[in-house]
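S.K.: Provided below for reference: sequence and predicted model.
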Amino acid sequence: MKKRLLILEDGTVFTGTAFGSERASQGEVVFTTGMTGYQETISDPSFYGQIVTLTYPLIGNYGINRDDFESITPAIRGFVVRELAKTPSNFRCDLTVDEYLTSKDIPGIEGIDTRKLTRIIRSKGSVKAILTAADEEVNVDEIVAKLQATPAITHHVREVSPKAAYPSPGRGKRVVLIDYGMKHGILRELNKRDCDVLVVPYNTSAEEILAWHPDGIMLSNGPGNPEDVAEGIETVRNLIGKVPMFGICLGHQIFSLACGARSFKLPFGHRGGNHPVKDLRTGRTDLTSQNHGYAIDIDSLKGTDLEITHIALNDGTCEGVRHKKYPIFTVQYHPEASPGPEDSNHLFDEFIEMMEVEAGKGKQHA
């Protein structure tokens, strides 16, 4: 088995065994705490540019199947596990994780102390790193200097958003879904409710969207810093008050910025399927699936037309807002789950009901 190095920008070096692609790869190292759902994690566009560490020690024991992808082309830069299952056992299994990552040209490393790596990220924040072959030509000092000099990526959404619009037909409510790096679980939940969906790129103008006469607009999840998505913020700002909206994760952040709020980077992000979130309106607590590195500053909501509706019980950060005047609500977490608990799946039904109420008002005025 070939050896591989994971070198962090602080000079820490992990030596493990290579799997997946043989190429070197550079990215931001993050960790996620899900015990299952590694296939959805690998294929989640919100992980664009990142080397993903799984804190659960054994990964790959049920393989890769045809049904659990969240995108067609995975956007991760690398995959880090304590132990990789070589002989998965599940009736749906089509490929091993090693075979799948090799086919997608994504490198992985196993056999390192993922607990130590996770503690480094928790104490220092997400760090840049490189996965490379462990050979005599490797100069760790040069690699560390290169990592420290590499600027942060600012074009995440541009890389994972579709280049052109496409339909996902239904006979129910007409929804425009702005794709900032959408997990297919969101589209699946809308289709399950028979929505007639048009998926559009992140830089589609408000005029183009409104020309389709939608009953509602969905703002998807996606990777990176919401402040980098200037076109998206401008589009959403011009849509406020025109049609009901529902935003998830990056969509929540972009909507909040369009209303005058501010975002900030979390030390090590929220990633996993067990994050408790409290609904301030009902007092109900849901366990949620999350994957984000930025959050909305609660203090910045003062003076805007937004009210906070949900908070994270782990650290008190903003997990949801609602517009005070218009039928728009957003959440920081993933109600479609995939992977994770489905406690908050009812939010899709609330979105449908909100569109029906607004459609009823239109008929009355007519």
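M.R.: In hand now; what should we look at?

S.K.: Which residues are in contact with the closest residue in space to V357 that isn't next to it in sequence?
M.R.: Setting aside the residues directly before and after it, V357 is nearest to P327 in space (C-beta to C-beta, 6 or more residues apart in numbering), at 7.2 Å. Heads up, the C-betas are built off the backbone N, CA and C, glycines and all. By C-beta atoms under 8 Å, 6 or more residues apart in numbering, the contact set of P327 is 244-245, 354, 357-358.

S.K.: What is the least confident helix or strand in this structure?
M.R.: helix 346-365 (a mean of 89; mean pLDDT, DSSP states H and E).

S.K.: what helices or strands is that helix leaning on?
M.R.: The contact analysis (3 or more C-beta pairs under 8 Å, 6 or more residues apart in numbering; DSSP states H and E) places helix 346-365 against strand 216-219, strand 245-248, strand 328-331.

S.K.: Strand partners (parallel or antiparallel) of the last one?
M.R.: What that stands for is strand 328-331. Sheet pairing of strand 328-331 (DSSP bridges) gives strand 245-248 (parallel), strand 318-323 (antiparallel).

S.K.: so the longest one versus helix 346-365, what angle?
M.R.: With axes from the mean of the first three to the mean of the last three C-alpha atoms, to 10 degrees as the basis, strand 318-323 and helix 346-365 are set at 10 degrees to each other.

S.K.: Output strand 318-323 as CSV, restricted to C-alpha atoms.
M.R.: Taking Å, rounded to 0.1, in the frame of the first residue of the first chain, the C-alpha atoms of strand 318-323 are listed here in CSV:
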residue,chain,number,x,y,z
CYS,A,318,-28.5,32.3,14.3
GLU,A,319,-30.2,29.3,12.6
GLY,A,320,-33.2,31.0,11.0
VAL,A,321,-34.9,34.3,10.2
ARG,A,322,-38.3,35.5,9.0
HIS,A,323,-39.1,38.7,7.2
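
S.K.: Residues touching that strand, excluding its own?
M.R.: Strand 318-323 is contacted by residues 240, 252, 255-256, 259, 261, 277, 279, 288, 295-298, 301, 305-312, 328-333 when judged by C-beta under 8 Å, 6+ apart.

S.K.: low pLDDT regions in the stretch 51-200 of the chain?
M.R.: Applying pLDDT under 70 to the stretch 51-200 of the chain picks out no residues at all.

S.K.: in it, which spans are strands?
M.R.: For the stretch 51-200 of the chain, the strands defined by DSSP state E, counting those that start in this stretch cover 58-59, 78-81, 83-84, 107-110, 127-133, 166-168, 174-179, 196-201.

S.K.: among those strands, which is nearest T15?
M.R.: strand 107-110 (8.8 Å; C-beta to C-beta).

S.K.: Tell me the strands beside that closest one, with direction?
M.R.: Strand 107-110 is paired, per DSSP bridges, with strand 13-20 (antiparallel), strand 78-81 (parallel).

S.K.: Could you say which of these is packed most deeply?
M.R.: Most buried of the strands paired with strand 107-110 by mean neighbour count (mean count of other C-beta atoms under 10 Å) is strand 78-81; its value is a mean of 27.

S.K.: hmm, back to that, if any of the contacts of P327 are buried, put those into a ChimeraX selection.
M.R.: Listed next is the ChimeraX selection for buried residues among the contacts of P327, using 16 or more other C-beta atoms under 10 Å:
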select :244,245,354
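
S.K.: Show me the two of the contacts of P327 that sit farthest apart.
M.R.: Pairwise distances across those (C-beta to C-beta) peak at 13.7 Å, for the pair M245 and V357.

S.K.: in the stretch 251-366 of the chain, which spans are strands?
M.R.: With DSSP E, counting those that start in this stretch as the criterion, the stretch 251-366 of the chain has strands at 263-279, 285-296, 306-312, 318-323, 328-331.
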